[in-house]
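1. coords below, sequence missing:
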C-alpha cells in the first residue's frame, strides 16, 4: 500500500513538472529556439566530427575482432597490472581517449556478444568513462588558460582516477568471470563496415537528440533564474557559477573566464563527472545492456579522485609566472563549416537506403 502511494505521488509529481516544462516551452519560445539552434550547430560542427569516426571505428574493431592485434603491445599492462580481460581493456582505452559515451557503448556491445557478463560490465563501466584529451586540451586548456599543458594535466588527472579504480578492482576481484572464450580467428566483411557505420549513426542521433533536449532544459533554467538562486545558495560567484552549470552541461567549462588556476581541482572533478547531459547520453548508448546504478553511484567518488590528482599534479604544470588573463580563446580543434557533417549525414542515409534495398532483394529472391 505504501509503495503504491509513493509511486502514485512520484508519477503525479513527474506529470506536474512535465506540464510546467511544456508551459515554459510556450512562454520562453524565443530563448529556447536560440538555445536549440546553438545546440544543433554544436552537434554539426563539434560533436559529430569528433565522435562519429571513433564510434564507427571502435564498432568495426569489435565486430571483426581485429582489436586483439591492436592491443598486443599493451599485454603486460592489462594482464599483470590491471588484471583486465583484453576486450575490456579496449573499452578502457577508448573510453578514456575517445570521449564520454564511447567506452560505455563498447561495453554494451561486448555484453550483447556474450564476451563479458552484465555483472562485470556494470563494474568496468565505472572507469571506462572520460572526456578524452581533445576536450580537456582544446576546450579547456587552450580556450580558458591559453596553455595546452593545463589541459593535459586535467586529462591526466581524470585518467589517473580511472586507472586507480581499474587497478583496485583488478587487485581485489576474486575470480575472473568477465572474459569468455573468444573466436580463434578474425574476419572482415562488407557487412561489418556498413553495420558499424549504421550502429554509430544511430548512437550519434541519440547523443545529438540528448544535447538538443538539455539545451532547451538549460535555457528554461537560465530564464527562470534557478541557476542564479543555486549559485547564491552555495555562495558561488563568477567561474564557480559556471562550474555549477557544467555539472548539468559539461560544455560550460569552456566558458570560464580569466585564468582560474585556483579552481583546477574543481575543474578536473567536473570533467571527471561529465555532467547530467552526458549521463543521459551514456544511458542512451547503453540501451539497458547492463545496469548503470553502480556507475552513477561511484561517479562522484571518481570525480573527487580526479580533483585530488589535479591538486597533486598542478605544481608540475602550472607556470611559475601566471598570466593575468587570456586575451582571446585558443581552440585546439576549431571548425566553422557544417558541410562535412551534412555530407556525412547524407552518406549515412544512402547506406541505410542501400541496406534496405539489399534486404528487399533477398526477400524477393527467396519468394
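-> Thanks, I have the structure now. Small disclaimer: the values here were computed from a predicted structure and weren't measured.

2. for the stretch 151-300 of the chain, give me the ranges with low pLDDT.
-> 174-188 (pLDDT under 70).

3. change it to 90
-> Residue ranges of the stretch 151-300 of the chain with pLDDT under 90: 171-260, 262, 275, 277, 280-281, 284-288.

4. and the helices in it, which stretches?
-> 190-224, 226-234, 239-246, 264-273, 276-286, 293-317 (DSSP state H, counting those that start in this stretch).

5. just the angle between the first one and helix 276-286, please?
-> Taking axes from the mean of the first three to the mean of the last three CA atoms, to 10 degrees, helix 190-224 and helix 276-286 form an angle of 150 degrees between their directions.

6. buried residues in helix 190-224?
-> Buried residues in helix 190-224, counted by 16 or more other CB atoms under 10 Å: 192-193, 195-204, 206-208, 210-212, 214-221, 223. Just so you know, the C-beta spots here come from the backbone N, C-alpha and C atoms, and that holds for glycine as well.

7. same question for the shortest one.
-> Residues of helix 239-246 classed as buried: 239, 241-246 (neighbour count, 16+ other CB under 10 Å).

8. quick one, strands of the chain?
-> In the chain, no segments count as strands under DSSP state E.

9. which ones are touching residue 112?
-> Taking CB atoms under 8 Å, 6 or more residues apart in numbering, we find residue 112 in contact with residue 289.

10. can you read off the pLDDT for it?
-> On pLDDT, residue 112 comes in at 90.

11. residue 117 now?
-> Reported pLDDT for residue 117: 91.

12. just give me the neighbour total for it.
-> Using other CB atoms under 10 Å, residue 117 has 16 neighbouring residues.

13. right, and it touches residue 111 too?
-> Yes: the pair residue 117 / residue 111 is scored as a contact, 7.4 Å apart, by CB atoms under 8 Å.

14. turn the helices of the stretch 151-300 of the chain into JSON lines, columns for distance to residue 132.
-> Converted to JSON lines, the helices of the stretch 151-300 of the chain look like this (distance: least, CB to CB, whole Å):
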{"stretch": "helix 190-224", "distance to residue 132": "14"}
{"stretch": "helix 226-234", "distance to residue 132": "27"}
{"stretch": "helix 239-246", "distance to residue 132": "16"}
{"stretch": "helix 264-273", "distance to residue 132": "10"}
{"stretch": "helix 276-286", "distance to residue 132": "12"}
{"stretch": "helix 293-317", "distance to residue 132": "14"}
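
15. to residue 83, which of those helices lies closest?
-> Taking CB to CB, helix 293-317 is the member of the helices of the stretch 151-300 of the chain nearest to residue 83, at 18.8 Å.

16. so which bits of stretch 76-83 are buried?
-> Here stretch 76-83 shows 78, 82 as buried, counting by 16+ other CB under 10 Å.

17. distance across it, terminal residue to terminal residue?
-> In stretch 76-83, first residue to last residue: 9 Å (CA to CA, to the nearest Å).

18. same question for stretch 271-290.
-> 24 Å.

19. buried residues, that stretch. List them.
-> Taking 16+ other CB under 10 Å as the criterion, stretch 271-290 shows 271-275, 277-286, 289-290 as buried.

20. next: stretch 293-308.
-> For stretch 293-308, by 16+ other CB under 10 Å, it's 295, 298-299, 302-308.

21. cool, thanks, signing off.
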